[in-house]
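K.L.:
just coords:
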């Protein structure tokens with residue numbers, strides 16, 4: 001009886017280990033595939049953002065000071 005229980009336990013544990021190994025391998029491959037997709041999306045987005053930044057012309061800042069606001073030098 002004890003030997004039968006031991007053999008059944010070993011068989012059950014072995015079956016669980018085999019299923020988990022297959023599940024881990026499958027999960028790892030899915031994870032790698034997802035990482036590749038995400039990396040491609042990020043590269044596409046950064047490339048499109050770079051192109052969009054190159055196409056837009058920079059706006060001219062208002063660096064001109066109106067003549068009445070020019071400070072006069074103090075003469076002491």
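P.N.:
Cool, the structure landed. Bear in mind the structure is a predicted one, so any value in this text is a computation, not a measurement. Residues are numbered from 1 along each chain as shown.

K.L.:
now do the helix or strand where residue 43 lies: distance to the chain's middle.
P.N.:
Using DSSP states H and E, residue 43 maps to helix 2-55. Offset of helix 2-55 from its chain centre (CA atoms, centre = their mean, to the nearest Å): 16 Å.

K.L.:
which elements pack onto that helix?
P.N.:
Of the remaining helices and strands, none touches helix 2-55 by 3 or more CB pairs under 8 Å, 6 or more residues apart in numbering; DSSP states H and E. C-betas here are computed from N, CA, C, even on glycine.

K.L.:
give the rounded mean pLDDT of that helix.
P.N.:
Helix 2-55 carries an average pLDDT of 92.

K.L.:
number of nearby residues for residue 20?
P.N.:
Other residues near residue 20 come to 10 when the count uses other CB atoms under 10 Å.

K.L.:
how much space between it and residue 31?
P.N.:
16 Å (CB to CB, to the nearest Å).

K.L.:
cool, residue 17 as well?
P.N.:
Relative to residue 31, and taking CB to CB, residue 17 is found at 21 Å.

K.L.:
same question, residue 19
P.N.:
In terms of CB to CB, residue 19 sits 18 Å off from residue 31.

K.L.:
again with residue 2
P.N.:
42 Å.

K.L.:
and residue 39, by the same measure?
P.N.:
If you go by CB to CB, the gap between residue 39 and residue 31 works out to 12 Å.

K.L.:
ditto for residue 14
P.N.:
From residue 14 over to residue 31 (counting by CB to CB), the distance is 26 Å.

K.L.:
neighbours of residue 16, how many?
P.N.:
If you count neighbours by other CB under 10 Å, residue 16 ends up with 10.

K.L.:
do residue 49 as well
P.N.:
With other CB under 10 Å as criterion, residue 49 counts 10.

K.L.:
with residue 7 instead?
P.N.:
So residue 7, with other CB under 10 Å, has 10 neighbours.

K.L.:
next one: residue 2
P.N.:
Neighbour tally, residue 2, other CB under 10 Å: 6.

K.L.:
now it: how far from residue 11?
P.N.:
Residue 2 is 15 Å from residue 11, by CB to CB.
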